[in-house]
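J.: Everything below, folded, please.
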Amino acid sequence: MNTPHILEKSTSSESETIEFGRFFSEHLFPCDVVALFGDVGSGKTVFIKGICEGLKAEEPVHSPTFIILNEYSGRLAGNKIKIHHFDFYRVEKTKDITLVSSILLAKGNVVGRIAGRR
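T.: Presented below is the predicted three-dimensional model:
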């Protein structure tokens, strides 16, 4: 298991946040989990949009707040991947989050995971 890394970054515009997401995507590997923390409207989905652009996702990126999960098709190191974009704000039980994450990670996919509560 890899050691978690914590990165804090502030951006001042939507375009800067997207650009940072693109840059960040260059450093991802299959099975990476990205947890984002921030208030509503702080730019978590905009950041995921940048990651998805960097990973050549084909679908438009939308917040999964009410549906829990969006899935996008992309490419990583020349290979087709699925990008899973979660919003766990409405999920009440930690075991449910762990189960879903474990199933998807077993597939070897990059997971964009939004952690909505502290």
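J.: Helix or strand next in line after the helix or strand residue 73 falls within, which one?
T.: Taking DSSP states H and E as the definition, residue 73 sits inside strand 69-76. Scanning forward in sequence from strand 69-76 by DSSP H and E, the next helix or strand is strand 79-87.
J.: List the buried residues of that following strand.
T.: By 16 or more other Cβ atoms under 10 Å, the buried positions in strand 79-87 come out as 81, 83-87. C-beta here means a position set from N, CA and C on the backbone, and glycine is covered the same way.
J.: of the residues you listed, closest to residue 65?
T.: Closest approach to residue 65 among the buried residues of strand 79-87 (Cβ to Cβ): residue 87, at 4.9 Å.
J.: The closest one contacts residue 62, doesn't it?
T.: No. The pair residue 87 / residue 62 is not scored as a contact, 10.4 Å apart, by Cβ atoms under 8 Å.
J.: now, among the buried residues of strand 79-87, which is nearest to residue 35?
T.: Nearest to residue 35 among the buried residues of strand 79-87, with distances taken as Cβ to Cβ, is residue 86, at 9.4 Å.
J.: picking up where we left off before, make TSV out of the buried residues of strand 79-87 and add pLDDT and distance to residue 3.
T.: Listed next are the buried residues of strand 79-87 as TSV, based on pLDDT from 0 to 100; distance: Cβ to Cβ, whole Å:
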residue	pLDDT	distance to residue 3
81	89	23
83	90	23
84	86	22
85	87	24
86	83	22
87	81	25
